[in-house]
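Q: Sharing a model that was predicted from the sequence below.
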Amino acid sequence: MRTLVLVLLAVTSAACKKERVPLVIDGISSTVPEDWVTIDPERVEKLRNAAQTADGTVEVAMVGRKPPGAALPWMYLQRTSMRPLMAKPLPVKSVLEGTWLELNQALKESGLEVVSSTSSLELDSRENCYVTKSKKTPPVLNHTCMRLWVGKTTKKVHSVSVVCLATEGEDAECQRIIDARKLTANDALPLEQPLEPW
């Protein structure tokens with residue numbers, strides 16, 4: 001038994017010491033194991049189409065990686081921008097709060113279990129992180145952290161996200177990816193500034 005424990009510790013230690021490389025798109029970065037490969041373009045296109053289906057004004061940029069020869073875990077970085085839907089002028093802070101509440105509602109209605117959720121205001125933006133769990137067997141955990149802000153010049157709601165999916169109990173790599181995130185709000189309007197409807 002002791003030999004098995006030592007072998008497991010050695011494997012875990014080796015997995016943690018794998019060389020990591022940065023993955024970057026405008027305003028977002030994280031690190032992944034250097035042997036991870038690009039996600040199939042078809043999967044990226046499906047994700048992009050799903051993001052755009054909700055609102056035709058959404059612009060999406062995305063890049064993802066996964067281990068070679070494995071279905072899970074896999075991760076992607078996503079940048080989106082969309083026109084805010086407002087009936088009257090609102091402070092930027094309220095627009096971001098409304099966007100977060102809509103996302104929370106969509107998560108509840110999706111049938112996924114929300115394992116954890118945090119939200120904080122900083123640097124004229126809002127950072128939201130959550131973990132959801134699927135109901136299938138074995139359950140899949142979705143780790144997501146995003147930063148939301150309104151652009152000074154675009155007057156659009158922008159978001160940058162790091163997303164990682166893994167089987168429950170095998171999500172240590174997802175946690176490393178989330179912990180290594182850098183999400184930057186570029187050219188953000190101050191939170192208290194009123195935003196006019198389009």
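A: Alright, I've got the coordinates. Numbers count the residues shown, from 1 in each chain.
Q: Tell me the helix or strand right after the worst-scoring helix or strand of the chain on mean pLDDT.
A: Of all helical and strand segments in the chain, the minimum by mean pLDDT, DSSP states H and E falls on helix 2-16, at a mean of 38. Sequence-wise, the next helix or strand downstream of helix 2-16 (DSSP states H and E) is strand 20-25.
Q: Now the helix ranked longest in the chain: average pLDDT?
A: The longest helix of the chain (DSSP state H) is helix 92-109. Average pLDDT, helix 92-109: 88.
Q: go on, stretch 22-39?
A: Throughout stretch 22-39, pLDDT has a mean value of 94.
Q: and what of stretch 153-165?
A: For stretch 153-165, the mean pLDDT works out to 95.
Q: Show me how far it is from its chain's centre.
A: 9 Å (C-alpha atoms, centre = their mean, to the nearest Å).
Q: do the same with stretch 31-38
A: 17 Å.
Q: what residues does it touch?
A: 18-23, 63-68, 75, 173, 176-177, 180 (C-beta atoms under 8 Å, 6 or more residues apart in numbering). For glycine as for every other residue, the C-beta is placed from the backbone atoms N, C-alpha and C.
Q: try 6 Å this time
A: Under the criterion C-beta atoms under 6 Å, 6 or more residues apart in numbering, residues K18, E19, R20, V21, P22, L23, R65, K66, P67, P68, A180 lie in contact with stretch 31-38.
Q: Which pLDDT value belongs to the second one?
A: Per-residue confidence (pLDDT) for E19: 92.
Q: So for the host helix or strand of N142, mean pLDDT?
A: Using DSSP H and E, N142 sits in strand 140-150. Averaged over strand 140-150, pLDDT sits at 96.
Q: List the buried residues for the longest helix of the chain?
A: Using 16 or more other C-beta atoms under 10 Å as the burial criterion, the residues of helix 92-109 that qualify are V92, K93, V95, L96, E97, T99, W100, L103, L107.
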